[in-house]
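Trainee: model this:
(one chain, ligands or ions: 3)
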Amino acid sequence: MHLSEITHPNQLHGLSIRQLQQIARQIRDKHLQTVAATGGHLGPGLGVVELTLGLYQTLDLDRDKVIWDVGHQAYPHKLLTGRYSDFHTLRQKDGVAGYLKRCENKFDHFGAGHASTSISAALGMALARDLKGEKFKAVAVIGDGALTGGMALEAINHAGHLPKTNLLVVLNDNEMSISPNVGAIPRYLNKMRLSPPVQFIKDNLEEQFKHIPFVGESLSPELERIKEGMKRLAVPKVGAVFEELGFTYMGPVDGHNLEELIATFQQAHQIIGPVLVHVVTTKGKGYELAEKDQVGYHAQTPFNLTTGKAIPSSKPKPPAYAKVFSHTLVKLAEQNPKIVGITAAMATGTGLDKLQAKLPNQYIDVGIAEQHAVTLAAGLACEGMRPVAAIYSTFLQRAFDQIIHDVCIQNLPVFFCLDRAGIVGADGPTHQGMYDIAYLRCIPNMVVMAPKDEAELQRMVVTGINHTSSPISMRFPRGNGHGVPLMEEGWEPLEIGKGEILRQGDDVLIVGYGTMVYPSMQAAEILSEHGIEATVINARFVKPLDTELILPLAKQIGRVVTLEEGCLMGGFGSAVAEALMDADVLVPVKRIGVPDILVDHATPEESYAALGLTSRQIAETVLQAFFKKQAAAVV
Ligand SMILES: Cc1ncc(C[n+]2csc(CCOP(=O)(O)OP(=O)(O)O)c2C)c(N)n1
Ligand SMILES: CC(=O)[C@@H](O)[C@H](O)COP(=O)(O)O
Ligand SMILES: [Mg+2]
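Mentor: Ligands and ions are numbered 1, 2, ... in the order given. Model (predicted):
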């Protein structure tokens, strides 16, 4: 049977190991070809091919439910559940999503994108199953990185307290998060993986059994059971933590040995209560370049399969915002030993790996633990350090209460740097940085700012570092800057709460925020072609808002447009409208931003066009809103 003929994972039932190995090869080929063409997550999925096949052969997917943590590693799952023929549309507009989505496929039992949710969701389904008197297996597949997330431990604490609730947790341990995994949990897993008794049993037992007549090469399930039993006898410490927490621990299991995986899962399914199967895999398995550079091949833009090199873009791009941010932060940290950069397992994405390399004592990676990162930063601030919490906008959502409760109520000077704020593109709705303007500006004591380009970002980094009288946050987008000249040092800090006028005009006031300032200027030029002259303000701060600058101009001009790359609900436009109302400046306001919808995966350009955020669309919206006559002429 060829992979392309599989539309239901139950078609794996009854296949021989050899047939499964053939399908594994086909999955890897399809996975590599597709990601090389479309970009996406490469290493994670290559590492779970046998795990997926072995697990799915032991389940009835018409009944049983498998919940994948994060979902970035679930491309084999997608290829086995009817998406082979569409897989070439991966992460493209209206194509196959890069993560699981309940609305995409009946085997995607729980959506994800953010880590550490799978055990909670699977336990919820298991408890519902028991309440309804139904019979299905609930299985969570979670990586060693995701296991460092607090939610996962909360769920383990709960599940371990339910000895009669059948739940299987498959731990995919490849020693990697995006970067090498960090913390005591991965260290413990490492000890289990490498414990001499386990290695002795594994290496020698198989060898001994092979010489028993009629056993030969293949390790029958019975032999697996004996091996598993001896491991548990000989090395009671292996898995002790999980066992003490109420789980039956099984493993460590070779995550690329189908026989071992199948036999172990078959055993696991017979055990009452919560079970954890510890599977040891290699991230990027089967593609040598990805095995050797597991960080670099976690995710890829389109690349050449033979050389492994990214397909170069047609023209040189300006530096990425993340690179400008981290370069500036490192420069400042070299002069200020109180600066401590904190990442939650996103060292390469945020660029903090540069700080780690240059000033390791001023760098902290807490693992996938954003809540802990924020309150850790609060603790550092209490002791006079200058903590910089560099956390993607979407992932910082995990720490909303810590920002309020531990930082803002105590008015502690933590500097939040939110990368990937705004539209991120192919990662889709779970990763869009849509809500940070709204979720930060509503918190007392928090200063909220955004640069118009990478040069202003450098000034905002120094502004944030220097601002120690309250918490302060700065958002900036995924991707590249505008190619404006950058300074190497000596950046002039900005005055908190002050914006700037970029253009004068009497017909309409356009107030842009962050990434929407340049489009505001471009829209003003288009309006000028229609005889409409706009004043354009770069607000720089949404809190405190520069009311001294904005309100008199709004009153004088009489028409206001606001622009933001974020949710309109409670966002920047709302802040301006509220300020106008509170000052009894009763003028019409047209807010342009992201409406109350989820922005699906697509290229950022496709999303901007779909949302009416291109400069031409902005100009048309302004004409329609305030200049109907000219708008009619445009048609
Ligand atoms: C809450 C949250 N923080 C950060 C991320 C970014 N992220 C995506 S995958 C990943 C590493 C996951 O490691 P692991 O669970 O071990 O899976 P592997 O990539 O090793 O297969 C991280 C940190 C995320 N998805 N969710
Ligand atoms: C799966 C996950 O959450 C991360 O790998 C994310 O896809 C990274 O996004 P960037 O590519 O923007 O760093
Ligand atoms: Mg991992």
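
Trainee: sec struct for whichever residue of the chain sits closest to ligand 2, please.
Mentor: When distances are taken as C-beta to the nearest ligand atom, the chain reaches nearest to ligand 2 at G349, 3.5 Å away. In short, each C-beta sits where N, CA and C put it, glycine included. Put simply, G349 is helix when judged by DSSP: H, G, I helix; E, B strand; the rest coil.

Trainee: and it, how far is that from P493?
Mentor: Taking C-beta to C-beta, to the nearest Å as the measure, G349 falls 26 Å from P493.

Trainee: okay, these two: which has more neighbours?
Mentor: A count of neighbours by other C-beta atoms under 10 Å puts G349 above the other of G349 and P493, at 20 against 14.

Trainee: so the more buried one touches D419, yeah?
Mentor: Yes: judged on C-beta atoms under 8 Å, G349 makes contact with D419 at a distance of 7.0 Å.

Trainee: quick check: neighbours shared by the two?
Mentor: Counting by C-beta atoms under 8 Å, 6 or more residues apart in numbering, the shared contacts of G349 and D419 are 322, 392.

Trainee: which positions in the stretch 1-150 of the chain make contact with ligand 1?
Mentor: Neighbours of ligand 1 within the stretch 1-150 of the chain, by C-beta under 6 Å from any ligand atom: 44, 47, 70, 72-73, 114-115, 143-146.

Trainee: so which of the residues you listed belong to helices?
Mentor: Using DSSP state H, the subset of those located in helices is P44.

Trainee: count of residues packed around the closest residue to ligand 3 within the stretch 101-250 of the chain?
Mentor: Relative to ligand 3, the nearest point of the stretch 101-250 of the chain is G143 (3.8 Å; C-beta to the ion). Residues near G143, counting by other C-beta under 10 Å, number 31.

Trainee: what is it paired to in the beta sheet?
Mentor: N172 (DSSP bridges).

Trainee: ok, it - contacts?
Mentor: 44, 69-70, 73, 115, 171-174, 177.

Trainee: picking that back up, tabulate the residues of the stretch 1-150 of the chain next to ligand 1 (CSV), appending pLDDT and distance to ligand 2.
Mentor: What follows is those, written out as CSV (pLDDT from 0 to 100; distance: C-beta to the nearest ligand atom, whole Å):
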residue, pLDDT, distance to ligand 2
P44, 98, 8
G47, 98, 14
V70, 98, 6
H72, 98, 4
Q73, 98, 9
H114, 98, 7
A115, 98, 7
G143, 98, 10
D144, 98, 15
G145, 98, 10
A146, 98, 10
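
Trainee: from I472, how far out is the residue of the chain closest to ligand 2?
Mentor: 22 Å.

Trainee: now swap in G422 and tell me
Mentor: G422 sits 19 Å away from I472, taking C-beta to C-beta as the criterion.

Trainee: neighbour count for these two, which is higher?
Mentor: Neighbours were counted for G422 and for I472 using other C-beta under 10 Å; G422 has more, 31 against 26.

Trainee: which positions within stretch 172-182 qualify as buried?
Mentor: Residues of stretch 172-182 classed as buried by neighbour count (16 or more other C-beta atoms under 10 Å): 172-179, 181-182.

Trainee: in strands only, show me these.
Mentor: 172-173 (DSSP state E).

Trainee: which helix or strand contains the closest residue in space to M250 that isn't next to it in sequence?
Mentor: With sequence-adjacent residues excluded and distances taken as C-beta to C-beta, 6 or more residues apart in numbering, M250 is closest to V277, at 4.8 Å. Following DSSP states H and E, one finds V277 within strand 274-280.

Trainee: CA-only coordinates of that strand in PDB, if you can.
Mentor: The C-alpha coordinates for strand 274-280 follow below in PDB (Å, rounded to 0.1, in the frame of the first residue of the first chain):
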ATOM      1  CA  PRO A 274      -2.900   7.300  33.500                       C
ATOM      2  CA  VAL A 275       0.100   5.900  31.600                       C
ATOM      3  CA  LEU A 276       3.100   7.800  30.300                       C
ATOM      4  CA  VAL A 277       5.200   6.200  27.400                       C
ATOM      5  CA  HIS A 278       8.600   7.800  27.100                       C
ATOM      6  CA  VAL A 279       9.600   7.700  23.500                       C
ATOM      7  CA  VAL A 280      13.100   8.700  22.500                       C
END
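
Trainee: ok, that strand: who's next to it in the sheet?
Mentor: Here strand 274-280 has these sheet partners by DSSP bridges: strand 167-173 (parallel), strand 248-254 (parallel).

Trainee: after the last one, heading C-terminal, what element do we hit next?
Mentor: Going back to what we said before, that points to strand 248-254. Proceeding N to C from strand 248-254, the next assigned helix or strand is helix 258-269, under DSSP H and E.

Trainee: list the helices and strands that next one packs on?
Mentor: Judged by 3 or more C-beta pairs under 8 Å, 6 or more residues apart in numbering; DSSP states H and E, the packing partners of helix 258-269 are helix 17-38, helix 49-57, strand 167-173, helix 221-234, strand 248-254, strand 274-280.

Trainee: quick one: contacts of the third one?
Mentor: Outside strand 167-173, the residues within contact range by C-beta under 8 Å, 6+ apart are 47-48, 51, 55, 73, 119, 122-123, 126, 137-144, 147, 156, 159, 189, 193, 247, 251-252, 255, 265, 268-269, 273-281.

Trainee: what's stretch 519-531 in contact with?
Mentor: By C-beta under 8 Å, 6+ apart, stretch 519-531 touches 502-503, 505, 507-508, 510-512, 533-534, 536, 563, 613-616, 618-619, 622-623, 627, 630, 633-634.

Trainee: show me what counts as buried in that stretch.
Mentor: Of all the residues in stretch 519-531, those buried under the rule 16+ other C-beta under 10 Å are 519-524, 526-527, 530.

Trainee: secondary structure, distance to R559 and pLDDT added to the residues you listed, as CSV?
Mentor: Below are those laid out as CSV (DSSP: H, G, I helix; E, B strand; the rest coil; distance: C-beta to C-beta, whole Å; pLDDT from 0 to 100):
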residue, secondary structure, distance to R559, pLDDT
P519, helix, 18, 98
S520, helix, 14, 98
M521, helix, 17, 98
Q522, helix, 19, 98
A523, helix, 14, 98
A524, helix, 13, 98
I526, helix, 16, 98
L527, helix, 11, 98
H530, coil, 14, 95
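
Trainee: what is the nearest of these to ligand 1?
Mentor: Within the buried residues of stretch 519-531, distances to ligand 1 taken as C-beta to the nearest ligand atom reach their minimum at P519, with 28.6 Å.

Trainee: quick check: the gap between the closest one and ligand 3.
Mentor: As defined by C-beta to the ion, to the nearest Å, P519 lies at a distance of 39 Å from ligand 3.
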